[in-house]
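Asker: predicted model, plus sequence, below.
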Amino acid sequence: MSPRNRRIVQAVLYESVAIAIVTPALGWMFNEPMGSALGLSVAMSTVALTWNYLFNWFFERWEARQVVRGRSLARRVAHGIGFEGGLALLLVPLVAHWLDMSYWNALITDLGLLLFFLVYTMVFTWVFDRVFGLPASALPTPAS
């Protein structure tokens with residue numbers, strides 16, 4: 001699979017599963033109607049989908065320049081933290097506006113989601129790599 005297609009498939013699958021998990025959780029946590037929770041989930045997913053594609057493009061470019069290839073636990077943790085940290089900067093204002101709360105409360109809310117998504121991101125990426133294989137950027141270079 002080409003790197004571009006791999007990123008698109010990975011991002012769409014990631015966000016589809018996330019919407020299915022997050023919508024009922026948001027509805028329950030904030031006593032929001034399911035329609036509102038779904039709207040927020042889709043809005044957050046749209047932001048996250050765009051960020052996912054861009055972040056993975058940059059991450060794979062960085063990864064391709066590394067001497068040590070493969071995806072160690074440390075590299076997966078760095079990937080998860082980098083992805084979720086950037087996403088938090090984008091989502092806190094959206095959550096604050098949608099749920100009519102302060103930025104501080106939105107940040108606290110987002111931190112709860114981030115804890116879940118940090119683990120979800122690492123597990124999802126590991127499963128995705130097992131099913132679809134590692135990207136070319138993470139494959140060992142052939143011995144000369």
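Answerer: Structure's in. What do you need?
Asker: contacts and neighbour counts: CA atoms only from here.
Answerer: OK.
Asker: now Y103: how far from L26?
Answerer: To L26, Y103 is 17 Å away according to Cα to Cα, to the nearest Å.
Asker: comparing those two, which residue is more hemmed in?
Answerer: Legend: neighbour count by other Cα atoms under 10 Å for Y103 and L26, higher for L26 (19 against 16).
Asker: what helix or strand is the more buried one located in?
Answerer: L26 is located in helix 3-29, with elements delineated by DSSP states H and E.
Asker: which is the next helix or strand following that helix?
Answerer: helix 34-64.
Asker: packing partners for that following helix?
Answerer: When contacts are defined as 3 or more Cα pairs under 8 Å, 6 or more residues apart in numbering; DSSP states H and E, helix 34-64 sits against helix 3-29, helix 73-98.
Asker: can you put those in TSV and add distance to R65 and mean pLDDT?
Answerer: Shown next, in TSV, are the helices and strands packed on helix 34-64 (distance: least, Cα to Cα, whole Å; pLDDT from 0 to 100):
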stretch	distance to R65	mean pLDDT
helix 3-29	16	89
helix 73-98	14	90
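Asker: to L114, which of those helices lies closest?
Answerer: When the helices and strands packed on helix 34-64 are compared by Cα to Cα, helix 73-98 sits nearest L114, at 6.4 Å.
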